[in-house]
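J.: sequence and predicted structure, then a few things I'm wondering about:
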Amino acid sequence: MKVALAVLTLCIALLRPSAGLGMDSSQLGELLDAAMGDVERTCAVITMLDREIAGRPGDEGLLTLRIAAYGLLADPYSARPDVEALAALHPDSPPYQLQKCLYAEATGAQQEENRLCYLRVARLCRQSGKADEHSHEYLLALLLADSPEAEEAKRRFLAALTDSPKDQVLKEVLADFAREKFVKKVSPETIRHPCPRQR
């Protein structure tokens, strides 16, 4: 489960443009990086993020950090409200809408609901002119929607990749794409959230 969420977090980080973190967000980001692998420290950073977000509920950098913190705890349920808040702030942004679809699927949305969500992302990509062989959002949306266009889009996308580290990660994830490896449904009963519930 943690591996799937780590892959999900990595892919989202590759897909989403930089959130423009402020100074305090940067400091919290450094604390979160230092807390990686340490549950108590991760929970402490989440507590700090909760306080900061209470004062600035629409701060994209803070919301992004809290999503990442819950990702470290393999808890997509606690991250989902922040994912949805960012998607609401960016209704026409394929990366944010794709992230919303991924978290909805991971937390138990029904198959048809997921398919329609991913098709909306593909439509947003086409409307914004981002539906070419360089658009990983478009390709992922088609693959996850089980679209008949997905295999041809995947062939063109893989052919256009370079030897850059980012492209190599994308090639590994997408070449042998399997939904089960990319996004797994996480049952709420399997979440053993180690932090006190404050939200």
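T.: Sure, I can see it. Keep in mind that what you see is a predicted model, and the values were worked out from it rather than measured.
J.: alpha carbons only for contacts and neighbour counts from here, please
T.: Fine.
J.: show me where this structure has its helices.
T.: Here the chain has its helices, by DSSP state H, at 2-15, 23-35, 39-55, 60-72, 76-89, 94-106, 111-127, 136-144, 150-160, 165-175, 179-182.
J.: name the nearest residue to Leu98, sequence neighbours excluded.
T.: Of all residues not flanking Leu98 in the chain, Val121 sits nearest, at 6.1 Å (C-alpha to C-alpha, 6 or more residues apart in numbering).
J.: oh, that last question was meant for His134, not what I typed.
T.: With sequence-adjacent residues excluded and distances taken as C-alpha to C-alpha, 6+ apart, His134 is closest to Phe157, at 6.0 Å.
J.: which residues touch that neighbour?
T.: Applying C-alpha atoms under 8 Å, 6 or more residues apart in numbering, we find Phe157 in contact with Asp132, Glu133, His134, Ser135, His136, Leu139.
J.: the residue nearest to Leu98 is in contact with Leu140, isn't it?
T.: No - the criterion here is C-alpha atoms under 8 Å, and Val121 misses it with Leu140 at 9.2 Å.
J.: more neighbours: which of those two?
T.: Between Val121 and Leu140, counting by other C-alpha atoms under 10 Å, Val121 is the more crowded of the two (28 against 20).
J.: measure that one to Ala104 for me?
T.: For Val121, the distance to Ala104 equals 13 Å [C-alpha to C-alpha, to the nearest Å].
J.: now Ile67
T.: Ile67 is 14 Å from Ala104, by C-alpha to C-alpha.
J.: could you tell me which residues touch both of the two?
T.: With C-alpha under 8 Å, 6+ apart as the test, Ile67 and Ala104 both reach Arg80.
J.: Val183: neighbour count?
T.: By the criterion of other C-alpha under 10 Å, Val183 has 20 neighbours.
J.: swap in Ala87?
T.: 20.
J.: in stretch 33-50, what's buried?
T.: Buried residues in stretch 33-50, counted by 16 or more other C-alpha atoms under 10 Å: Ala35, Val39, Arg41, Thr42, Cys43, Ala44, Val45, Ile46, Thr47, Leu49, Asp50.
J.: where does this structure dip in pLDDT?
T.: Residues of the chain that meet the criterion pLDDT under 70 lie in 1-23, 197-199.
J.: let's see it at 80
T.: Across the chain, the ranges flagged by pLDDT under 80 are 1-24, 192-194, 196-199.
J.: quick one: Val173 and Lys154, what's the gap?
T.: For Val173 relative to Lys154 (C-alpha to C-alpha), the value is 11 Å.
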